[in-house]
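Asks: build me a structure from this.
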Amino acid sequence: MMARAAIRDTGRALGMPYGLCDQIAKLIPFNTPLKQALEKVPELKQMFDTNEDAQKILESALKLEGTVRHASVHACGVVISPKPLTNVVPLQRAPQGDDSVITQFEMHSIEDLGLLKIDLLGLKNLTIIEKALRLIKEIHNVDIDINNLPLDDKKTFELLKSGETTGIFQLESSGIRHFLKQLKPSEFEDIIAMISLYRPGTLDAGMVPHYIARKLGREEVTYLHPRLEPILKKTYGIGLYQEQMMRIARDLAGFTLAEADTLRKAIGKKIKSLLEEQKEKLLSGMINNGIDEQTAQKIWKLFPPFARYGFNRSHGASYATISYQTAYLKAHFPVEFMTSLLNVSGSDVERINFLINEARRLGINVLPPDINLSFQDFAAHDKDIRFGLLAIKNIGANIVDVIIDERSRGGPFADLSDFLNRIHHRDLNKKSLESLVKCGTFDSLGIPRGETLKSIDELIKFNQASKKLKGSNQNTLFGDTPKLSSIKPGEEGEVDKKTMLTWEKELLGLYITDHPFSDYAAKVKNRAKPIKEVTELDEEDPHVSRLSVAGVITGVHQISTKTGQPMLFVTIEDTSDAIEILVFADTISKNPNIWKENKAVIVNGRLSFKGGEPKLICNAVKEL
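Replies: Presented below is the predicted three-dimensional model:
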């Protein structure tokens, strides 16, 4: 239990106000022991000396700090033993439930006992691949052997070279897409290298530009010794993988596989005594193998930096395989691939919005839900993607299943009367019917949304009467089902565009048929950058210090700063993407009424990359 957690847990146990516990916890610097914080932070020491409650919390927390807070469980670690585990290690039931059995020893003790611990990871991308393959089979009757794809597929590498890698495993971030465009991958080895290079250590060391320059022939490939060439040739003379480091130790210094692995561990874990021992052993081994001492020392200097960036090649190759498979599917079957991506995104509205914008950019239309064409989830429909009924707010899985089953059994719904006569379920109520109408589910039947909503109570009564009639096994005089006659298309039933888009946003989480900013896009074309372009800028770009974006306000969250001043977190979105705007008190005071949802604004400010996500700090704002 760290210092901050000790404060909060102690305060909770003592029944102290949350605000006081939070205030104390925030005064403690991250990863600083409580005793040290009391000595170094004057405000904390003052609270300890002057506030009786704070003193009680701190004294108790000092005793709790460093103790084990709870028994956590490794998300995917599996322990394997040649004998029954009960004979080797103490076991217990998992705190999360009696279904799982876990070891009482933590991972390092398990390894010290000589037991094998394997991490079995679940990947969402494997589900995406599986769903895409199933769709391809259903729609095109094509069986794809995903594990035996040709590794020189031209279309796949064209996609990778273009940087169009949204949805591609490990290659989706703006940074790696930037490097992919420069690298222009032409073989599978390039994908392994790119995944291995795009890590904090290699990026900090500036290795990526050197690798790209060497691959493209702009920089000379050199080796410290001729015997390094067969080991480093695939990576253009740059030591990148742990396996390369181990092979250097074996081929140049005569290490065994086990000794080379010990060297890898010594470097990776920065064990100083073991590192010195391995250094002497490596140097003497290279000298004994005919390498002069000066060159041997230079080769040794390649090793310590591996602790920062040495990546496991077999790991990189496994990742690259999934990257290539997802890229292949996107290149050859974009509609099916994007449909699978959307279905795996669950209820993450922000992600779904992002993927829908990507689909549209690829020329794929994303169509609103339709009572006769939509299924439970997103579905590929010719060259388009159709929204699923389950994505509609207030519509549950039970009613969706009933609608789809009835449609399969009795054919498409002819009109609203037909729908209400055939769907009799407790979840078809005023709220759910309103949601279906508002997001345009019945539009294809020629039913006006506005006029239908005015008659919603009558519709529910009609549905209940139809249900009652069916339950009594009675028919009308001529054996027909009841008909609705009061709702007819007309001007009164028309709803203005702004209202329709507001309903879509409310019920689907995003705009489908259009975007409210579309009417302003031409007006600000030369005055503001598209938000998508802004979010892809890096910190070194000269534009980050002063730029303008325009969009519709979709969210406003107000907080108070430590000084009691108001501060706003505002989300605005245009037709390309969304960005968060930070608005401080002095800017708020100039125009407090402008920060309302659904208003179209143009914002001037500077980009901040604090926390890894680009955010715009607002200097000025104007309503469009």
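Asks: please make it C-alpha for all contacts and neighbour counts, starting now.
Replies: OK.
Asks: can you report how many residues lie near Leu342?
Replies: By the criterion of other CA atoms under 10 Å, Leu342 has 25 neighbours.
Asks: helices and strands of this structure: which one bottoms out on pLDDT?
Replies: Least confident helix or strand of the chain, by mean pLDDT, DSSP states H and E, is helix 306-309 with a mean of 72.
Asks: who's in contact with whichever helix or strand comes after that helix?
Replies: Where DSSP states H and E defines the elements, the next helix or strand beyond helix 306-309 is helix 313-332. Residues from elsewhere that reach helix 313-332 (CA atoms under 8 Å, 6 or more residues apart in numbering): 125-126, 129, 132, 146, 149, 153, 155-156, 159-160, 165, 167-171, 188, 191-193, 195-196, 241-243, 337-338.
Asks: again with stretch 137-146
Replies: 133, 136, 325.
Asks: likewise stretch 14-23?
Replies: 7-8, 11-12, 53-54, 57.
Asks: quick one: terminal-to-terminal distance for that stretch?
Replies: End-to-end distance of stretch 14-23 (CA to CA, to the nearest Å): 16 Å.
Asks: neighbours of Leu44, how many?
Replies: The number of residues packed near Leu44 is 22, by other CA under 10 Å.
Asks: off-centre distance for the helix or strand encompassing it?
Replies: In this assignment (DSSP H and E), Leu44 forms part of helix 42-50. Its chain's C-alpha centre and that of helix 42-50 lie 42 Å apart, by CA atoms, centre = their mean, to the nearest Å.
Asks: quick one: mean pLDDT for it?
Replies: Mean per-residue pLDDT for helix 42-50: 89.
Asks: and it, what other elements does it pack with?
Replies: Applying 3 or more CA pairs under 8 Å, 6 or more residues apart in numbering; DSSP states H and E, we find helix 42-50 packed against helix 18-27, helix 34-40, helix 52-64.
Asks: of all those, which one comes closest to Asp577?
Replies: In terms of CA to CA, the element of those nearest to Asp577 is helix 18-27, at 33.9 Å.
Asks: let me know the angle separating the closest one from helix 42-50.
Replies: Helix 18-27 runs at 130 degrees relative to helix 42-50, counting by axes from the mean of the first three to the mean of the last three CA atoms, to 10 degrees.
Asks: how far off centre is helix 18-27?
Replies: On the basis of CA atoms, centre = their mean, helix 18-27 sits 31 Å off its chain's mean C-alpha point.
Asks: nearest residue to the middle of the protein?
Replies: Arg351 (7.2 Å; CA atoms, centre = their mean).
Asks: using CSV, write out every CA atom in whichever helix or strand that one is part of.
Replies: Using DSSP H and E, Arg351 maps to helix 349-361. Output of helix 349-361 as CSV, limited to C-alpha atoms (Å, rounded to 0.1, in the frame of the first residue of the first chain):
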residue,chain,number,x,y,z
VAL,A,349,-19.6,5.7,-28.5
GLU,A,350,-16.4,7.7,-29.0
ARG,A,351,-14.7,4.8,-30.7
ILE,A,352,-17.8,4.0,-32.8
ASN,A,353,-18.0,7.6,-33.9
PHE,A,354,-14.3,7.5,-34.9
LEU,A,355,-14.8,4.3,-36.9
ILE,A,356,-17.9,5.6,-38.7
ASN,A,357,-15.9,8.7,-39.8
GLU,A,358,-13.2,6.3,-41.0
ALA,A,359,-15.7,4.2,-42.9
ARG,A,360,-17.1,7.3,-44.6
ARG,A,361,-13.6,8.5,-45.5
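Asks: do a quick rundown of the strands in this protein.
Replies: Secondary structure of the chain (DSSP state E): strands located at 77-80, 91-94, 97-103, 116-119, 366-367, 379-381, 384-386, 547-560, 566-573, 578-583, 600-608, 615-623.
Asks: Leu275: which of these is closest?
Replies: With distances scored as CA to CA, the stretch of the strands of the chain nearest to Leu275 is strand 116-119 (25.2 Å).
Asks: who's in contact with Thr32?
Replies: Ala3.
Asks: with Phe375 instead?
Replies: Residues in contact with Phe375 (CA under 8 Å, 6+ apart) are 387-389, 400, 404.
Asks: among those, which are in helices?
Replies: Per DSSP state H, helices hold the following members of the contacts of Phe375: 400, 404.
Asks: could I get the contacts of Phe375 as TSV with pLDDT?
Replies: Converted to TSV, the contacts of Phe375 look like this (pLDDT from 0 to 100):
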residue	pLDDT
Phe387	92
Gly388	92
Leu389	93
Val400	93
Ile404	94
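Asks: which among the contacts of Phe375 gets closest to Ile512?
Replies: Ile512 has its nearest neighbour among the contacts of Phe375 in Phe387, at 9.3 Å by CA to CA.
Asks: you'd agree that closest one is up against Leu373?
Replies: No - if you go by CA atoms under 8 Å, Phe387 and Leu373 don't touch, sitting 9.3 Å apart.
Asks: of the two, which one has the most company?
Replies: Between Phe387 and Leu373, counted using other CA under 10 Å, Phe387 has the larger neighbour count: 28 against 17.
Asks: quick check: that one vs Leu510, distance?
Replies: Separation of Phe387 from Leu510 (CA to CA): 12 Å.
Asks: count the neighbours of the residue lying closest to Gly285 once chain neighbours are set aside for me.
Replies: Leaving aside its sequence neighbours, Gly285 sits nearest to Ala253 (CA to CA, 6 or more residues apart in numbering; 4.0 Å). Neighbourhood size, Ala253 [other CA under 10 Å]: 22.
Asks: quick one on the thing from earlier: got a markdown table for the contacts of Phe375, with distance to Gly310 too?
Replies: Putting these into a markdown table (distance: CA to CA, whole Å) gives the following:
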| residue | distance to Gly310 |
| --- | --- |
| Phe387 | 44 |
| Gly388 | 45 |
| Leu389 | 48 |
| Val400 | 51 |
| Ile404 | 53 |
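Asks: and which of the contacts of Phe375 is nearest to Pro542?
Replies: Phe387 (40.4 Å).
Asks: what sits against the closest one?
Replies: Contacts for Phe387 (CA under 8 Å, 6+ apart) come out as 366-370, 374-375, 377-379.
Asks: check Ile231 too.
Replies: Contacts here follow CA under 8 Å, 6+ apart; on that basis Ile231 touches 244, 247-248.
Asks: alright, I will stop here.
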